[in-house]
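K.L.:
Next come a sequence and a model predicted from it.
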Amino acid sequence: MSNTETHPTESVCGAEADGPPPPGIEVITPRDVPLGGPRAMRVRRTLPQRARTLIGAWCFADHYGPDDITASGGMRVPPHPHTGLQTVSWLFSGEIEHRDSHGVHAFVRPGELNLMTGGYGISHSEVSTRRTTVLHGVQLWVALPEEHRAAGRDFQHHVPAPVALGGGEARVFLGSLAGDTSPVRTFTPLLGAEVTLDPGAAVTLDVDPDFEHGVLVDTGDVELAGTPLKPAELGYAAPGRTALTLTNRATEPARLVLLGGPPFPEEIVMWWNFIGRSHDDIVRAREDWMTGTRFGEVHGYDGAPLPAPELPNAPLKPRGRVR
């Protein structure tokens, strides 16, 4: 998915300062962002924010729907570029047609992971299909470490089987959880899973104490380690925990996305759809996109590519690390 904000802000993101982890659970509230156009569907963005810019290598999280696309017009994101990252598409309902400059033509469907690598440069389009009436899911980005920032284009697809949790179930699309391990390759250790909780259930999951974790609530009255989280909020847990307890206080099932990874040790500059390490990295990527180099062509999309926004007048400067 593209960041279609017409005036995207630059972000320099990095791991937290050394020291003891903060007590309790940090609650991150989303901000609404339109996906362009007069009938644009809106997404709820929890990463990046000033309060927290990264969870492991997870650097971007959009949560959208359930959206009646007969009213909103659905998702129609023209070909657009990415550098220095991987995109993770995960749906709860609906269907999205994906085309990219690696030559991949695929569909994003509920319960199926599509992971695209755009290290040195890739472009792709995303369009909700005519079969879709309600679109609902998450779009996530993973920052690539410096040694793999120029990785080649790639696309991976995986359909995780449900794993019983005794009060719910999980679908592990990246990393390992509850005895299940995804075969999908990543460049840093990661955890990504959809978790559903039965009404009134409490589930305790063993997790890697070297990881920080985020719980993005889709539906339900969820608590993370005793801290209430509303739908669309993201709960953050610092490294050091060996287990996470998830509770559904509602009389209906709850659903959430669990993310994790070791704190990312590098600062990254993120602007529009590019991740680099400096202002010059971003300028070069934008120029390459606008001149038609590096990112390749997306075949089969009916329409023009998405133009890059204008860069700010001042050089992209660090905002500093989250403390």
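P.N.:
On my side now, so go ahead.
K.L.:
in this protein, which spans are helices?
P.N.:
In the chain, the helices defined using DSSP state H lie at 69-72, 279-291.
K.L.:
Mean neighbour count and mean pLDDT added to those helices, as a markdown table?
P.N.:
C-betas here are computed from N, CA, C, even on glycine. A markdown table is the format used below for the helices of the chain (neighbours: other CB atoms under 10 Å; pLDDT from 0 to 100):
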| stretch | mean neighbour count | mean pLDDT |
| --- | --- | --- |
| helix 69-72 | 14 | 81 |
| helix 279-291 | 17 | 96 |
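K.L.:
Any idea which of these gets closest to residue 54?
P.N.:
helix 279-291 (17.6 Å; CB to CB).
K.L.:
Other residues contacting the closest one?
P.N.:
10, 81, 83-84, 121, 123, 269, 271-272, 274, 276, 294-295, 307-308, 311, 315-317 (CB atoms under 8 Å, 6 or more residues apart in numbering).
K.L.:
Can I have the buried ones of those residues as a PyMOL selection?
P.N.:
Per 16 or more other CB atoms under 10 Å, the buried members of these correspond to this PyMOL selection:
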select buried, resi 10+81+83+84+121+123+269+271+272+274+276+294+295+308+311+316
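K.L.:
now, which of the contacts of helix 279-291 lie within strands?
P.N.:
Using DSSP state E, the subset of those located in strands is 81, 123, 269, 271, 274, 276.
K.L.:
With respect to residue 43, which of the residues you listed is nearest?
P.N.:
Within these, the smallest distance to residue 43 is 18.1 Å, found for residue 271 (CB to CB).
K.L.:
Show the pLDDT at the closest one.
P.N.:
Listed pLDDT for residue 271 reads 94.
K.L.:
Run through the stretch 201-323 of the chain and note the low-pLDDT ranges.
P.N.:
Where the stretch 201-323 of the chain drops to pLDDT under 70, the residues are 317-323.
K.L.:
can you tell me how far the most centrally placed residue in the chain sits from residue 64?
P.N.:
Per CA atoms, centre = their mean, the C-alpha nearest to the average position across the chain is that of residue 140, at 1.1 Å. To residue 64, residue 140 is 12 Å away according to CB to CB, to the nearest Å.
K.L.:
got it, and residue 192?
P.N.:
According to CB to CB, residue 192 and residue 64 sit 17 Å apart.
K.L.:
So which of these two has more stuff around it?
P.N.:
Higher neighbour count among residue 192 and residue 64: residue 192, with 28 against 24, using other CB atoms under 10 Å.
K.L.:
wait, the more buried one sits on residue 174?
P.N.:
Yes: counting by CB atoms under 8 Å, residue 174 is a contact partner of residue 192 at 3.6 Å.
K.L.:
Quick check: neighbours shared by those two?
P.N.:
When contacts are counted by CB under 8 Å, 6+ apart, residue 192 and residue 174 are jointly contacted by 88, 113, 182.
K.L.:
can you put the residues you listed in a markdown table and add neighbour count?
P.N.:
Below are those laid out as a markdown table (neighbours: other CB atoms under 10 Å):
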| residue | neighbour count |
| --- | --- |
| 88 | 27 |
| 113 | 22 |
| 182 | 22 |
